[in-house]
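Peer 1: coords below, sequence missing:
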């Protein structure tokens, strides 16, 4: 490969020699731009590099492709900024004789992006480097090498439309251990993932929206955007109205007081596989929400620790609403129908749907024209005898009557079966 002159004194000598030997016409030709390729390479910052690296067949001893597409690089954010190869491959600055050594030092992106590199060093990806069984994650893993595009470019690896697939390069598989396996697949099925992949909504939540970009921390890290301390605010970046309602409700007030057991967004909606409430797979679908709420309100330790009413699930499932919901009726009243969704308030709060004065209106959403008497009927009844003795007597009477009727039928069936068996035995003996 021809190497351009690096010594300016030698180059000047050659030009003077050309003036003397060939005369003015050659000098004029050179001045008009008909310079040899080696002189053009000298004028272009990356010219010397392209003389070898524009060869599509160029590979190293390990078979790694060394070809660099000049046009693609010039469209990249670095190419548009006027950066040269030497700007990143700093060890080439001192090279005089080409081709250079086969192995170059690793590119240090922190030379320009020091703030980003400092954040990255605190992330789980940087810590993962210490584990020899985990695939190393670095700047190039997410951004690529020579053809890095601006995040706003729809073809960029870090554009919201492509981010899930980008993260999925590691998190789709078990190559990085159990951590993260299946997270991206769950996200792609979710309402957020569908918003990006099917609807093309770049403002739908992506991995970066919840976990951050460079300073991604473990869930147990208090500084993590997905730690319990931050989850409501992280979700609230998009769902601001719901955050407001949550913080005004009993759960949100307990959350701001630092109570660790209080539910946050992910406890009810899930983490990656978040579905629309109208989706039967959702944890807050009409027929599932009772079980979701029961995770806390049926927990004996939690109810004892915070003096919560007991038996919420059992007392609801014993009602018409509970039975209908258990058998798949999605229109029948559930927890959220009466207590609300995010802005859940105690019954003593005048703004609560279950405040005594508001009950006729709350029940009236399903039972048009509900009277005060109908609305005053207790739903969560632990002691039916003490609450309504007449109802308790009627309920037990019908229960006893049903047992007598079913018992009579069983006795009749067994008696009839016994007679038939004896009759057949008698007939067999006569024969």
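Peer 2: Happy to help now that I have it. Predicted model, so just to flag it, every value in this text is computed and none were measured.

Peer 1: residues contacting the helix or strand hosting residue 185, please?
Peer 2: Residue 185 belongs to helix 183-189 when elements are defined using DSSP states H and E. Contact partners of helix 183-189, identified using Cβ atoms under 8 Å, 6 or more residues apart in numbering, comprise 164, 167-168, 171-172, 193-194, 197, 207, 271-273, 275. In short, each C-beta sits where N, CA and C put it, glycine included.

Peer 1: so after it, what's the next helix or strand?
Peer 2: helix 191-197.

Peer 1: packing partners of that following helix?
Peer 2: helix 160-171, helix 183-189 (3 or more Cβ pairs under 8 Å, 6 or more residues apart in numbering; DSSP states H and E).

Peer 1: same thing but 6 Å
Peer 2: Based on contacts counted as 3 or more Cβ pairs under 6 Å, 6 or more residues apart in numbering; DSSP states H and E, there is no element that helix 191-197 packs against.

Peer 1: can you point out the buried residues in it?
Peer 2: 191-197 (16 or more other Cβ atoms under 10 Å).

Peer 1: adding distance to residue 57 and pLDDT, write these out as a markdown table.
Peer 2: Shown next, in a markdown table, are the buried residues of helix 191-197 (distance: Cβ to Cβ, whole Å; pLDDT from 0 to 100):
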| residue | distance to residue 57 | pLDDT |
| --- | --- | --- |
| 191 | 47 | 96 |
| 192 | 43 | 97 |
| 193 | 40 | 96 |
| 194 | 43 | 96 |
| 195 | 43 | 96 |
| 196 | 38 | 95 |
| 197 | 37 | 91 |
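
Peer 1: tell me which two of those residues sit farthest apart.
Peer 2: Spatial extent of the buried residues of helix 191-197 (Cβ to Cβ) is set by the pair 191 and 197 at 11.4 Å.

Peer 1: for the residue most central in space within the chain, helix, strand, or coil?
Peer 2: Central residue of the chain (Cα atoms, centre = their mean): residue 272, 4.2 Å from the mean position. Under DSSP: H, G, I helix; E, B strand; the rest coil, residue 272 falls in the coil class.

Peer 1: dump the residue contacts of it.
Peer 2: For residue 272, the contacting residues are 183, 186-187, by Cβ atoms under 6 Å, 6 or more residues apart in numbering.

Peer 1: kindly recompute the last result at 8 Å.
Peer 2: With Cβ under 8 Å, 6+ apart, residue 272 has these contacts: 183-184, 186-187, 190.

Peer 1: before we move on, the earlier item: in the helix holding residue 185, what's buried?
Peer 2: Buried, per 16+ other Cβ under 10 Å, within helix 183-189: 183-184, 187-189.

Peer 1: likewise for stretch 110-129?
Peer 2: 117, 120, 123-126, 128.

Peer 1: likewise for stretch 276-293?
Peer 2: 282-290, 292-293.

Peer 1: find the nearest non-adjacent residue to residue 137, please.
Peer 2: With sequence-adjacent residues excluded and distances taken as Cβ to Cβ, 6 or more residues apart in numbering, residue 137 is closest to residue 125, at 4.0 Å.

Peer 1: tell me the secondary structure at that neighbour.
Peer 2: helix.

Peer 1: quick check, it in contact with residue 216.
Peer 2: Yes. Look at residue 125 against residue 216 with Cβ atoms under 8 Å: they come within range, at 6.3 Å.

Peer 1: pLDDT wise, what is residue 36 at?
Peer 2: pLDDT for residue 36: 45.
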